[in-house]
Structures are given as C-alpha cells and as structure tokens.
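J.: what follows is a predicted protein model with its sequence.
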Amino acid sequence: MANMKLQVEFNKHPARAFSDVRSFETDLRLVTGWIQECALNHENCKRGQRSWYPTRLLHFESKAQNVKLIVSKENPPNGPYVTLSHRWGQHKYETLKPSTMQRLKKGIDAVTLPQIFQDAIQIAQALGVHYLWIDGLCIQQGEDYRSDWARESQQMDQVYSNAFFNISATLSEDGTESLFHRRSWRSIIPSRIQIDMQGRLEQYYVLDGDIWKDEVDEAPLSTRGWVFQERILAPRVIHFGPSQIGWECKELEALEMFPNGLPQMCGLSTMRKSDILQDPPAATQDSGSTDLDGFVDLWQQLVSAYSRCALSQPGDKLVAFLGIAKKFMQSRTDTYIAGMWEKTLTYDLAWNRATLDIEDYPLSKTSCRAPSWSWASVDGEIEFPKMLDGVRDHFVSDMQLSTTVDNSTPAVRRSKVQARGLCLPLRLKWSNRKISGVTVAGLHFMAADEEDSDQKIVLEDSTRAAEAGGAVGRLLLLPLFTTTHLLVGLVLIKTRGVNAHLRVGSVQLRIMAEPVGEITPPKDMKRERDGNRYWSVPALKLRLHILGNQRQVRKIEIF
C-alpha cells in the first residue's frame, strides 16, 4: 500500500457505512445480496449452467458438524455445490487417500478440518448449499495415486464452471487463517474533501485507485497457478480479501466498500469474466479479421497473466491451464497443443521471456514438460510483441501442430511444429556474459539495454545458445512476420534430423521508431521525409532480403 495510487472521484461515495464492527451476519447479508442479484437479474450469468457434478463431493446438512465424502454416482447429489480455492502453504492436513477414504465416507467432525475449510462449510450452510468441493479431500493425493489425479485434473473446467459459486480464500497464505479475520480498513477508507470549482464548493472522495488490485488481483492466492483458471472458470467468485470481501461475476465486480460496483477509476481487473466467459472469438476468418485479432489479443493476455503465477509442482504448467483452453475449444474448430492454437501459431510462437536474467529460470528444470516452441517450456513471465497497427508481412506458411499424445501427458513435449520458412544463419555477439548484438544476413543489430525496449534478442537457455553462437550455420533465424514497427522471428538451433530444430530464443528488431522532440537519430536509424519517424536501415534491408529469397524457403520442424 506504500505505492498507493490516489484517485479523486466526484460525488461517488460507498453505499455502505464504514465500521470495524463486522460479523459473520453482516458478511452473510452482503454475500446473499450479491448472489440473489446475480441469480435473478444477470442474464449473462444464467447462461451455460447445467446439472453436472464432480466425481466426489463433501456433503453436510444445514447446521450439522458431520461432514461426509460422497461419490456422486453412488449417492447422486440433490442441489447445487460450491468450490473452494485456497493455498496449501506449509500447513499439513489429512487428505484423501485409500487409507482415509472409508473414514471420510462415514463422516468426520468439521472441527478436525483446517480453519478455512470450516469457514467454507459454514458459508455454504448459511446460504443453503449442502455440497462442497475441495481438491485435497475430493482427489486422491500422493505420488502413488497419480492416476486418480490425472483423471480428475482433466475435468477441472467442469468442476469450477458448473459450481454455483466459488469461495476464494484470497487473503490466506495457508489453511490456518480464518476467512473472517480481515485487517481493519480504516487506512483505505475514502476521504471526503471539498474543492473550489470556479467559486462553487464541490464534494469529492479521494480513494486508492489500486484497491481492486490490492484486495484481489495481487492478493496472496491470486499469484498461484492453479487458482488462475479456478477464478476465471467459476461463474461467481466470493473473494475474502486482506481487508474486505469482493465479488466477481460476468456482470459485476464489487467490494464490501462498493457493493454496487467499483468506481470506474478504481482500475478493474484486466482478466474480467465479461471478456473471457462470453463466447470467445472463433478465429475462423482470415488473419486480418477483427475476430481473429480479438482472439489473439485475448489469448496472449491470458498466457501472459498466467505466466506470472507460481506453481508448487512445475510439471503442472500445462494441465493447470487446460481448463481455460477447454473453454475456448467449445467455440473453436482448431487444434490445441501445449498452450498453442494452430490457426494463430504464427503469432503465438513469437512469445519471449520478460526478463533478460534467464539464469533465474534454468531451462533444465522445465524442458521436460513441453516442447521448446511452447511458452510452457519455461518459467517466469511471458510477453508477446505489440502488434500496434497490425501485421504487414508473413514469412512462414503451412503452419501445423503435430502430436500423437494428449495435452495432459508428459509426452506432449515430443509434439512438433511443421512449417515452411526461410532460415538465415545467425551469430550472437557476447559481452560480459550478455548478448550485445546479433548478425544475420551480413547485417548487424545491437541488443537493447533495457528490458522494456521493443528491440529484443532473448534466449530461453544461455548455455545451449552460447555454445552454438560460434558455430556458423548451426544457429538460425526463422523470420515469422513484420508489424508496422517490428520484424519478429525465432532463434533456432539444428538438432538431429535433416529438418529438425529446437527453439532457443526469439528476436524483435525495430523497423520504425517514434522520435521524441528533436532527438539525435540513432546510428542505425534514418529520418523519414516528413520528419515524423525514424526507419531502421538494417531492419528494412533484412526485410527486403527475406522477401527476395523466397525460393530458398524449405520445410522446417521444431521440436
């Protein structure tokens, strides 16, 4: 909160009086109001719900302390169920295993469960719901029971999307904290001020413009990989945040402080249900269509946001995102493999690591879970080039994804990309263990010093690429496309097989840059006639070289 972003909102005050005296009853009234409003009046939230139940559920009566594990096929549930999103943390608790299965089926006292589980049961009971799904108690845990986990993890999209609502322990680091023990909100209460507006006093409220980010987007639970899809797929989410309760559905984002919706200036989430859970763009039109552009932008936003989340088990990278992919599969006739879609593959391959300090995320820990061309083969934040005014040139054709395995199996790493393109020898220049430049087609490009620069030469694995950097002909540039500002391509390394390659990095070379005032043009930039822009002479020459050598295009396979 030290870097609080202050906003001034005219005549916009909370609809709830501020008090530190908050109780379960006041929380329940607030949540009940949100649920009733959503269930009765939100047309978009009524769509898509169907009667489906997970393999196992926890069952309890309205006020009883006894909690039983049921198998849905053996004891068909009657009524809605809710889910719980929580962080495991370091706290150990009894989980579902063959050795505990019968005892859980007979029933246990709720007080023996972690505090967050008890709170979730209490909330469900108070709202008239008798079934709860919790991962650790509804999926068998442990390496000896991976087959059950593998089967159940395939239907996470169904588990969350068919729940009545999701209870999110957004504030909690582990299962020991109560959902109802929130911090005082006195420090974030909007302050009322008066401003003289041309001789007339106007009333304003000063509030924290990052309040949604603090309470939801950047709260402890929201940084976890599995929770990313849980939050997106659930039709309704009740967030128990650090200082207040929050609400998300397709038509409303609200906080305890602003129960009727956040002021527009509060910075709503970039991952809004209204954008994601509506029918996604089908992306069946030509590459220049609005629908395709919208899909590419949305998908890349999702991947980038997910890549900032952490996973306790790095091998879960793809399966923890599979539920979101399945949501898009419902409206797309396309092939999905390892986080990529065949029809937008040209653009999705252009991902790069957001950090230049790649030693922070060694590839040796992640390369076994996905092919080298997939963003899922690396850890850390992923970015995509800014499309700006759109794509001008496409340098690859006949792009295909090929696999013989399921997306959830470790063997997905053997999947490959097949395409036709022009591979150009590339040489890296190193300085102090960092890339200082690159030479391709006899043209030299300098690497940018800043991570936020649009000219980037980014590697996934410094060791492998460094070893290949001095071997002329082994390290290659595969140009993908140009935008109005950038030439984008992949750095490949030859491997076994005539056409076989591995991806080791990506390149973005600046074609055009905006001058700032009367700055001195960079050495490799030339001012346009009208003086409004600078053009990169080497990048323009490289573009012409690529376009002029299309007869050398050949078949390429990337593993």
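T.: Alright, I've got the coordinates.

J.: count the neighbours of Ile446 for me.
T.: Careful, residue 446 is Met; it's not Ile. Here the number of neighbours of Met446 (other CB atoms under 10 Å) works out to 16. Bear in mind the C-beta positions are built from the backbone N, C-alpha and C, glycine included.

J.: same deal with Glu61?
T.: Glu61 has 11 neighbours, counted by other CB under 10 Å.

J.: which residues sit in contact with it?
T.: Gln125, His130 (CB atoms under 8 Å, 6 or more residues apart in numbering).

J.: shouldn't it be within a strand?
T.: No - read with DSSP: H, G, I helix; E, B strand; the rest coil, Glu61 is coil and lies in no strand.

J.: that one and Ala254, how far apart?
T.: Per CB to CB, to the nearest Å, Glu61 is found 31 Å from Ala254.

J.: just checking: what are the partner strands of the top strand by length along the chain?
T.: When the chain is parsed with DSSP state E, its longest strand is strand 500-510. Applying DSSP bridges, strand 500-510 is found paired with strand 456-459 (antiparallel), strand 486-494 (antiparallel), strand 554-558 (parallel).

J.: can I get the shortest one in PDB, CA atoms only?
T.: This means strand 456-459. Provided in PDB are the C-alpha atoms of strand 456-459 (Å, rounded to 0.1, in the frame of the first residue of the first chain):
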ATOM      1  CA  LYS A 456      14.900  -7.600 -28.100                       C
ATOM      2  CA  ILE A 457      17.200 -10.600 -28.500                       C
ATOM      3  CA  VAL A 458      16.000 -13.000 -25.800                       C
ATOM      4  CA  LEU A 459      17.200 -16.600 -25.200                       C
END
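
J.: so what's the gap between it and the chain middle?
T.: 22 Å (CA atoms, centre = their mean, to the nearest Å).

J.: what sits up against that strand?
T.: 352-353, 356, 358, 428, 435, 437-438, 445, 447-448, 465, 491, 504-508.

J.: one more time with 6 Å, if that's ok
T.: Strand 456-459 has contacts (CB atoms under 6 Å, 6 or more residues apart in numbering) with Asn352, Arg353, Ile435, Val438, Ala447, Ala465, Val504, Gly505, Ser506, Val507, Gln508.

J.: tell me how far the last one lies from Trp226.
T.: Translated: Gln508. From Gln508 to Trp226 the distance is 31 Å (CB to CB).

J.: which non-adjacent residue is nearest Lys555?
T.: Residue nearest to Lys555 in three dimensions, not counting chain neighbours: Asn499, with 5.3 Å by CB to CB, 6 or more residues apart in numbering.

J.: got the confidence number for that neighbour?
T.: Looking at Asn499, its pLDDT is 88.

J.: residues touching Pro235, list them.
T.: Applying CB under 6 Å, 6+ apart, the residues near Pro235 are Cys45.

J.: before we move on, the earlier item: so the residue nearest to Lys555 makes contact with Glu557?
T.: Yes - with contact defined as CB atoms under 6 Å, Asn499 and Glu557 form a contacting pair (4.8 Å).

J.: looking at those two, which is more packed in?
T.: Comparing Asn499 with Glu557 by other CB under 10 Å, the one with more neighbours is Glu557, at 16 against 12.

J.: kindly confirm my reading that Gly437 is in a strand.
T.: Yes - assessed by three-state DSSP, Gly437 belongs to a strand.

J.: give me the beta-bridge partners of it?
T.: Each beta-bridge partner of Gly437 is listed here, defined by DSSP bridges: Lys429, Met446.

J.: tally of neighbours for it?
T.: Neighbours of Gly437 (other CB under 10 Å): 14.

J.: separation between it and Leu401?
T.: As for Gly437, its distance to Leu401 is 33 Å (criterion: CB to CB).

J.: which one of the contacts of strand 456-459 sits closest to Leu28?
T.: Distance to Leu28, by CB to CB, is smallest for Arg353 among the contacts of strand 456-459, at 45.3 Å.

J.: wait, what's in contact with the closest one?
T.: Gly380, Val458.

J.: cool, and Val507?
T.: Shown in contact with Val507 (CB under 6 Å, 6+ apart): Ile457, Gly489.

J.: that one bridge partners, please.
T.: According to DSSP bridges, the residues that bridge with Val507 are Ile457, Gly489.

J.: distance of it from Leu422?
T.: For Val507 relative to Leu422 (CB to CB), the value is 14 Å.

J.: run a quick neighbour tally on Pro242.
T.: 19.

J.: now do the SS call for the closest residue to it other than its chain neighbours.
T.: Leaving aside its chain neighbours, Pro242 sits nearest to Leu171 (4.6 Å; criterion: CB to CB, 6+ apart). Using three-state DSSP, the structure places Leu171 in coil.

J.: hang on, isn't Leu171 packed against Gln244?
T.: No - using CB under 6 Å, Leu171 is not in contact with Gln244, being 9.6 Å away.

J.: on that earlier part again, give me the phi and psi for the residue nearest to Lys555.
T.: Phi and psi for Asn499, reported as degrees, to the nearest 10, are phi -110, psi 10.

J.: mind checking the pLDDT average for stretch 46-55?
T.: Rounded mean pLDDT across stretch 46-55 is 82.

J.: list the buried ones in the helix or strand hosting Thr100?
T.: Thr100 belongs to helix 98-106 when assigned by DSSP states H and E. Using 16 or more other CB atoms under 10 Å as the test for burial, helix 98-106 gives Thr100, Leu104.

J.: just stretch 431-442 next, same as before
T.: Ile435, Val438, Val440.

J.: now do the first one against Glu94, distance only.
T.: Summarising the geometry, the distance separating Ile435 from Glu94, computed by CB to CB, is 51 Å.

J.: quick one: strands adjacent to the strand or helix carrying Met399?
T.: According to DSSP H and E, Met399 maps onto strand 397-402. For strand 397-402, the paired strands and their directions (DSSP bridges) read strand 416-421 (antiparallel).

J.: distance between the strand it pairs with and the chain's centre?
T.: 26 Å.

J.: thinking again about what came up before, ok, so of the contacts of strand 456-459, who is nearest Met197?
T.: Gln508 (46.9 Å).

J.: once you drop chain neighbours, what's closest to the closest one?
T.: Gln508 sits nearest to Lys456 (CB to CB, 6+ apart), 4.5 Å away.

J.: okay, that neighbour: pLDDT?
T.: For Lys456, the predicted pLDDT is 86.

J.: ditto for Leu6
T.: For Leu6, the predicted pLDDT is 46.

J.: same check, this time on Glu528
T.: pLDDT at Glu528 comes out at 57.
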